[in-house]
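1. Turn this into a structure:
(chains A and B)
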Amino acid sequence: GENVEQHPSTLSVQEGDSAVIKCTYSDSASNYFPWYKQELGKRPQLIIDIRSNVGEKKDQRIAVTLNKTAKHFSLHITETQPEDSAVYFCAASGYSGGGADGLTFGKGTHLIIQP
Amino acid sequence: DTEVTQTPKHLVMGMTNKKSLKCEQHMGHRAMYWYKQKAKKPPELMFVYSYEKLSINESVPSRFSPECPNSSLLNLHLHALQPEDSALYLCASSRNSLGGKEKLFFGSGTQLSVL
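-> The predicted model follows:
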């Protein structure tokens, strides 16, 4: 099955600086890569996703890049703000074929924005 | 309605009890999922229902019994649980398109404590 590695486990940046979180995946058949943000005691919320036919996607301060050959994808947050503090999970579709396959998550990155 | 609703929000049960977790969505999604999340860990896939049929069971112990009465409802029946089953149980749904992976929408979860 799919295996997703995520680094770093903890990331502390100064407010206003950029943050980058990296993930690798093992199953070359995976074709969907979402990123979720989870605040303490709350549900995971989708913040951005990318499909394997696209190399980069941007939404305001958040961007995701995908390198299919190397099987890695990254989350970039620019101009970080205190409300960006949370745990971020990358994920990959675990199976090939139809849509209802579930996701395999990375172990998460605790992002801390220092004022 | 763009919400996945889970009840109850909190549940405390003894090891001999029988209880049920409930999940509901009215977005017309045809795929529904149960995930288990331990503190400071990523969500782990338990079950996937596609068009009301169980399509994935990730080797979950039989003390967890899923049920999908109709396309809007998903239940998780609990019986003879162990203290290590204490966790946040998350329900999710997606459109289930065979054309590609679809976004997962998570409920707020049920925080389960087994005494």
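2. Spell out which parts of chain B neighbour chain A.
-> Remark: the part of chain B in contact with chain A comprises B:30-31, B:33, B:40-45, B:48-50, B:55-56, B:58, B:90, B:94-109, using C-beta under 8 Å from any C-beta of the partner chain. Heads up, the C-betas are built off the backbone N, CA and C, glycines and all.
3. Can you flag the buried ones in the residues you listed?
-> Among these, the ones that count as buried by 16 or more other C-beta atoms under 10 Å in any protein chain shown are B:30-31, B:33, B:42-45, B:48-50, B:56, B:90, B:94-96, B:101-102, B:104-109.
4. what bridges to the residue nearest to the spatial centre of chain B?
-> Nearest to the geometric centre of chain B sits B:Trp34, at 2.8 Å (C-alpha atoms, centre = their mean). Counting by DSSP bridges, B:Trp34 is bridged to B:Phe47, B:Cys91.
5. correct me, but it touches B:Leu88?
-> No: taking contacts as C-beta atoms under 8 Å, B:Trp34 lies outside contact range of B:Leu88: 11.4 Å.
6. From chain A, how far out is B:Ala80?
-> Per C-beta to the nearest C-beta, to the nearest Å, B:Ala80 is found 26 Å from chain A.
7. Read off the pLDDT value for that residue.
-> pLDDT for B:Ala80: 93.
8. and what of the one 10 residues further on?
-> B:Leu90 carries a pLDDT score of 96 in this model.
9. how deep is the residue nearest to A:Ser52 when sequence neighbours are not counted tucked in, by neighbour count?
-> Excluding the flanking residues, the one nearest A:Ser52 by C-beta to C-beta, 6 or more residues apart in numbering or on different chains is A:Asn31, at 4.0 Å. By other C-beta atoms under 10 Å in any protein chain shown, the residues close to A:Asn31 number 17.
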